[in-house]
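Asker: Test case, fold it:
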Amino acid sequence: MQYKVKKAVFPVAGQGTRFLPATKAVPKEIMTLVDRPLIQYAIDEARAAGIEEFIFVTSRGKGALEDYFDHAPELEASLQAKGKTALLETLRSTYMDSGAIAYVRQHQALGLGHAVWCARHLIGDEPFAVLLPDDVIAADKPCLQQMVEAYAETGGNMVAAMEVPQEKASSYGVLDVPTAISSVMPVRGMVEKPAPGTEPSNLAVIGRYILSPQVLTHLDGQKRGAGGEIQLTDAIAQEITRANNVHGYRFEGQRYDCGSKAGFLQATLAFGLARDDLRDELEEFLFDMVAMRQAAQ
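Answerer: Numbering: from 1, shown residues only. Model prediction:
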């Protein structure tokens, strides 16, 4: 019997040091991309895929992240009194139903595999999704929804994948897949951050996964991998050896690495230009900026 994917894990325990000093007071996941925090994009994507239970793996100093999803009765009453119905609906869209969201702590930064393992008691014996909020994906059909539909045909385990320049492959988990490329590919092997020149392909794993509970059993061993951390990729790779049931999924859409400053800025521009209420003014500004730079050269 193949279970429906109803649970999702959001590893959000990182300190966001690349965005200091902003992240000294504000969790990185609350930083806004146009007018929504990063975490909201991940939540909306999960909801579109049919996720019903949301598990956040947090750490000390993430109180603002928890507060974000709570009800705000005073603000709601103020907007209601002023007749700002559109803003009121936007506010209500951030609420999470009682019992839909749960939090567990990762007390030590031991890697992504360890973060997912911390949620094992809440996951139980069901397939589950993992979404990394740093990876924001613009797509007509949300990435996780694409994966859930493909997973209904394959079962097992599935990882989102995209092609990256060969020289950047060593920064990712990389898939060993058949030469014939399609949207769904059987995975023969996975290597986390391979040494330059040893990568099996240029097809990299990015932050969307659908995993079987057996992956959690592999993580029980707490084995350290690349960088001295407990790697999720290593646990998934064990499933290839055990049951040969791992698939890569080439999603349709544009991924932005919002864990880097450049990627965050690129996403801000892309999402801003996609908005009818912002496009014209933003395009004019960018045109003027480019013209001034060219004139100065």
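Asker: buried residues in the helix or strand where Thr217 lies?
Answerer: If you go by DSSP states H and E, Thr217 is part of helix 214-219. Neighbour-count burial for helix 214-219 flags Gln214, Val215, Leu216, His218, Leu219 (criterion: 16 or more other CB atoms under 10 Å). In short, each C-beta sits where N, CA and C put it, glycine included.
Asker: What segments of the stretch 1-150 of the chain are helices?
Answerer: In the stretch 1-150 of the chain, the segments counted as helices under DSSP state H, counting those that start in this stretch are 38-48, 63-68, 73-81, 85-92, 112-117, 120-123, 143-154.
Asker: For Gln294, which of the ones you listed is the nearest?
Answerer: Closest to Gln294 of the helices of the stretch 1-150 of the chain is helix 38-48 (CB to CB; 33.1 Å).
Asker: now for the closest one, which elements pack on it?
Answerer: Counting contacts by 3 or more CB pairs under 8 Å, 6 or more residues apart in numbering; DSSP states H and E, helix 38-48 packs against strand 7-11, strand 128-131, strand 135-138, helix 143-154.
Asker: mind putting those in a markdown table, mean pLDDT included?
Answerer: As requested, the helices and strands packed on helix 38-48 are exported to a markdown table (pLDDT from 0 to 100):
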| stretch | mean pLDDT |
| --- | --- |
| strand 7-11 | 95 |
| strand 128-131 | 97 |
| strand 135-138 | 95 |
| helix 143-154 | 94 |
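Asker: of all the ones you listed, which lies closest to Arg293?
Answerer: Of all the helices and strands packed on helix 38-48, strand 135-138 comes closest under CB to CB, at 26.3 Å.
Asker: List the buried residues for that closest one?
Answerer: Quick answer for strand 135-138 (16+ other CB under 10 Å): Asp135, Val136, Ile137.
Asker: Relative to Glu283, which of those residues is nearest.
Answerer: Val136 (21.1 Å).
Asker: Skip the chain neighbours and tell me the closest residue to Leu219.
Answerer: The spatially closest residue to Leu219, leaving aside those adjacent along the chain, is Trp117, at 4.1 Å (CB to CB, 6 or more residues apart in numbering).
Asker: For this structure, which residues score under the pLDDT cut-off?
Answerer: For the chain, the stretches with pLDDT under 70 are 1-2, 180, 225-227.
Asker: Near the residue nearest to Val164 when sequence neighbours are not counted, how many other residues are there?
Answerer: Spatially, and ignoring its direct neighbours in sequence, Val164 is nearest to Ala204 (4.5 Å; CB to CB, 6+ apart). The number of residues packed near Ala204 is 23, by other CB atoms under 10 Å.
Asker: Can you list the neighbours in contact with stretch 210-229?
Answerer: 5, 110-114, 116-117, 120, 123-130, 147-148, 151, 156-158, 192-193, 230-236, 238-239, 242-243, 245 (CB atoms under 8 Å, 6 or more residues apart in numbering).
Asker: how long is it end to end?
Answerer: Using CA to CA, to the nearest Å, one end of stretch 210-229 lies 21 Å from the other.
Asker: which of the residues in that stretch are buried?
Answerer: In terms of neighbour count (16+ other CB under 10 Å), stretch 210-229 has its buried residues at Ile210, Leu211, Ser212, Gln214, Val215, Leu216, His218, Leu219, Gly225, Glu229.
Asker: Quick check on the second one: phi, psi?
Answerer: Main-chain torsions, Leu211, degrees, to the nearest 10: phi -130, psi 150.
Asker: what separates it from Glu126, distance-wise?
Answerer: 10 Å (CB to CB, to the nearest Å).
Asker: my guess is Arg250 contacts Ala150, does it?
Answerer: No. In this structure Arg250 lies outside contact range of Ala150 using CB atoms under 8 Å: 9.9 Å.
Asker: Can you pull the residues that touch both of those two?
Answerer: Joint contacts of Arg250 and Ala150 (CB under 8 Å, 6+ apart) are Ser183, Val184.
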